[in-house]
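quick check, what structure comes out for this input:
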Amino acid sequence: MDDYPLLNLFWTMLWFFLWVMWFFLLFKIITDIFRDHSLHGWGKAGWLILVLLVPFIGVFVYVVARGRSMHERDAQQVKENEAAFRSYVRQAAGSGGGGSADELTKLSALKDKGDISQEEFDRAKARILA
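I've put the predicted structure just below:
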């Protein structure tokens with residue numbers, strides 16, 4: 001440990017952290033290039049070549065040129081994911097306990113009107129709950 005002072009350890013950790021953040025930014029930009037529906041084939045290919053062949057300049061130019069729209073696409077993706085999740089929850093809740101509860105309510109209303117007898121109500125209730 002005497003050969004590697006604390007300050008050198010700090011600098012090594014800082015450079016490692018920056019290296020990891022660089023790759024995170026690079027992958028984020030590549031993902032954004034492919035997710036953008038307004039950018040077509042040659043545009044995507046051009047940005048991808050720029051980002052991969054001249055990484056530092058390409059990434060910085062991409063962030064400056066398309067940073068704002070990158071945020072808008074992220075926000076749109078979050079909204080779409082949330083809407084899909086809410087739709088799934090509504091569908092799952094509707095087909096699960098909510099559906100049998102509605103059927104039991106209708107069955108109870110029929111019994112209260114006198115349209116079905118108590119025995120028919122009990123059989124139908126057992127069938128719904130089974």
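
and Leu104, its phi and psi?
phi -70, psi -40 (degrees, to the nearest 10).

report pLDDT for the residue nearest the centre of the chain.
Centroid check for the chain by C-alpha atoms, centre = their mean gives Asn81 as the closest residue, at 4.4 Å. Asn81 is assigned 92 on the pLDDT scale.

can you give me the pLDDT of Gly99?
According to the prediction, Gly99 has pLDDT 65.

before we move on, the earlier item: roughly how far apart are the residue nearest to the centre of the chain and Leu129?
35 Å (C-beta to C-beta, to the nearest Å). For the C-beta atoms, the positions are set from N, CA and C on the backbone; glycine is no exception.

can you list the weak-confidence ranges in the chain?
Residue ranges of the chain with pLDDT under 70: 1-2, 94-99.

please enumerate the strands of it.
Assigned by DSSP state E, the chain shows no strands.

and the helices in it?
6-35, 41-53, 55-95, 97-113, 118-129 (DSSP state H).

who does the longest one touch, helix- and strand-wise?
With contacts taken as 3 or more C-beta pairs under 8 Å, 6 or more residues apart in numbering; DSSP states H and E, helix 55-95 sits against helix 6-35, helix 41-53.

what about Gln118, how many neighbours?
By the measure other C-beta atoms under 10 Å, the count of residues near Gln118 is 8.

wait, doesn't it sit right on Leu110?
No - under the criterion of C-beta atoms under 8 Å, Gln118 makes no contact with Leu110, lying 11.5 Å away.

tell me the spacing between the residue nearest to the centre of the chain and Leu25.
The value you get for Asn81 to Leu25, if C-beta to C-beta is used, is 22 Å.

for Ala93, which of the helices and strands packed on helix 55-95 is the nearest?
Closest approach to Ala93 among the helices and strands packed on helix 55-95 (C-beta to C-beta): helix 6-35, 30.4 Å.
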